[in-house]
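Engineer: Below are the sequence and a predicted model; questions follow.
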Protein chains: 2
Amino acid sequence: MALDPEVHKEKMKRIKAARDKIMATKTEEKGLIIVHTGNGKGKSSSGFGMILRCIGNGMQCAVVQFIKGSMPSGERSLLKDRFSDVCAFHTMGEGFTWDTQDRERDTEMAQAAWEKAKDLIRDEANSMVLLDEINIALRYDYLDLDDVLLFLAEEKPPMTHVVLTGRSAKPELIDLADLVSEMKEIKHPFRSQGVKAQPGVEF
Amino acid sequence: MALDPEVHKEKMKRIKAARDKIMATKTEEKGLIIVHTGNGKGKSSSGFGMILRCIGNGMQCAVVQFIKGSMPSGERSLLKDRFSDVCAFHTMGEGFTWDTQDRERDTEMAQAAWEKAKDLIRDEANSMVLLDEINIALRYDYLDLDDVLLFLAEEKPPMTHVVLTGRSAKPELIDLADLVSEMKEIKHPFRSQGVKAQPGVEF
């Protein structure tokens, strides 16, 4: 692509002017309800990436893990060992529902996690609260969807960001959210190559 | 959903048995070529989430930013200030192409970033190298696609993970990759609500 440098410059100037005009209309700051869903990789990891951003910006934040509690993970070790002063970390779930095989216990754990989540969100010192895999707890009816929707709509402080991850997000939650990304699996090496879950990538 | 606890337990046991059988076939470990693309949010942040996982697991890693260099970001501050011993961080780009308005300079910067990236990938001490926004550099032909594909195919050490982010990933890169997630925008508050980029969420 042998583009004339001056033609390129002129084109980029016009793009910049158009962008600046659009961005000038983007003035509002607000706490967002953010949902990461879909069958692909990247839902939890991008939630943790935002937690890293918050910590780097000196913003207090918190994590509640609804499902993956029994498994060791790099993100949990690091946040608990090094950043417990700026990022509360609560692991309430005991693992996937097919591991626990006890619906009543799973429900109790999810309810306890939700109570903790509400406390953390109500605390305005927290700029962001990540509710990791809460969509799974909602999908299996361990939590009441209306409770969660009403709390987010009515009680979330206006400047607090809440990030909800997990596949099969409820349509009503997507309706309520401000920012929704669907992580779509295009290719996955578990499926196609017999590669197992690896540290750094999956945990 | 008033499911009998014993029926639930039985069903979960069967799911677990089926999963265990499948997972037993997933035995291989290998360094993956991972691509995050699409128009939605979460591509860079999930790359940084994986970097957080690596650091938490005591794995040395590295980041090269191809585009967003001129902007301050929480992830960069934190990684540079606190983890420079385990995660090399190189910011080579000077900003979006419509800000720099200088195609030759952008190309030089991208080429320099790619040279640095190759050194970091060749160094087997690094378990993961994140090439943030490299897809943008490829899209604008600042880098030669064949150079990048050949290097990944022939020179990447077998156990090293390389993560390539940015929208509009080249189809040939997707073909070569082991793991590809497309982040699809379902809803974004820039567009729908006039909300601006906010710390913790976007940077």
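Structural biologist: Yep, that arrived. Numbering: from 1, shown residues only, chains lettered A, B, ... in the order given.
Engineer: A:K187 is in contact with B:A177, isn't it?
Structural biologist: Yes: contact criterion C-beta atoms under 8 Å: A:K187 and B:A177 qualify, at 6.2 Å. C-betas here are computed from N, CA, C, even on glycine.
Engineer: Between the two, which has more neighbouring residues?
Structural biologist: The neighbour comparison of A:K187 against B:A177 (other C-beta atoms under 10 Å in any protein chain shown) goes to B:A177, with 23 against 20.
Engineer: ok, the more buried one touching B:G31?
Structural biologist: No: using C-beta under 8 Å as the test, B:A177 is too far from B:G31 to be in contact (12.0 Å).
Engineer: how about the helices in chain A?
Structural biologist: A:5-24, A:43-56, A:74-82, A:97-100, A:103-122, A:134-139, A:145-154, A:171-176, A:189-193 (DSSP state H).
Engineer: any idea which of the ones you listed scores lowest on pLDDT?
Structural biologist: Per-stretch mean pLDDT for the helices of chain A is lowest at helix A:97-100 (a mean of 69).
Engineer: what's the longest strand in chain A?
Structural biologist: What stands out as the longest strand in chain A, according to DSSP state E, is strand A:179-187.
Engineer: ok now that one, how far from the chain's centre?
Structural biologist: Chain-centre distance of strand A:179-187: 13 Å, with C-alpha atoms, centre = their mean, to the nearest Å.
Engineer: between it and helix A:43-56, how big is the angle?
Structural biologist: Put simply, strand A:179-187 runs at 130 degrees to helix A:43-56, going by axes from the mean of the first three to the mean of the last three C-alpha atoms, to 10 degrees.
Engineer: Run through who's touching strand A:179-187.
Structural biologist: Contacts to strand A:179-187, defined as C-beta atoms under 8 Å, 6 or more residues apart in numbering or on different chains, come from residues A:32-43, A:46, A:169, A:174, B:35, B:38, B:40-42, B:46, B:174, B:177-189, B:201.
Engineer: Provide a list of residues in contact with the closest residue to A:A88 other than its chain neighbours.
Structural biologist: Spatial nearest neighbour of A:A88, chain neighbours left out: A:A62 (4.1 Å); criterion: C-beta to C-beta, 6 or more residues apart in numbering or on different chains. Counting by C-beta under 8 Å, 6+ apart, A:A62 touches A:87-90, A:120, A:126, A:128-130.
Engineer: got it, and A:I136?
Structural biologist: So A:I136 contacts A:66-67, A:97, A:166-168 (C-beta under 8 Å, 6+ apart).
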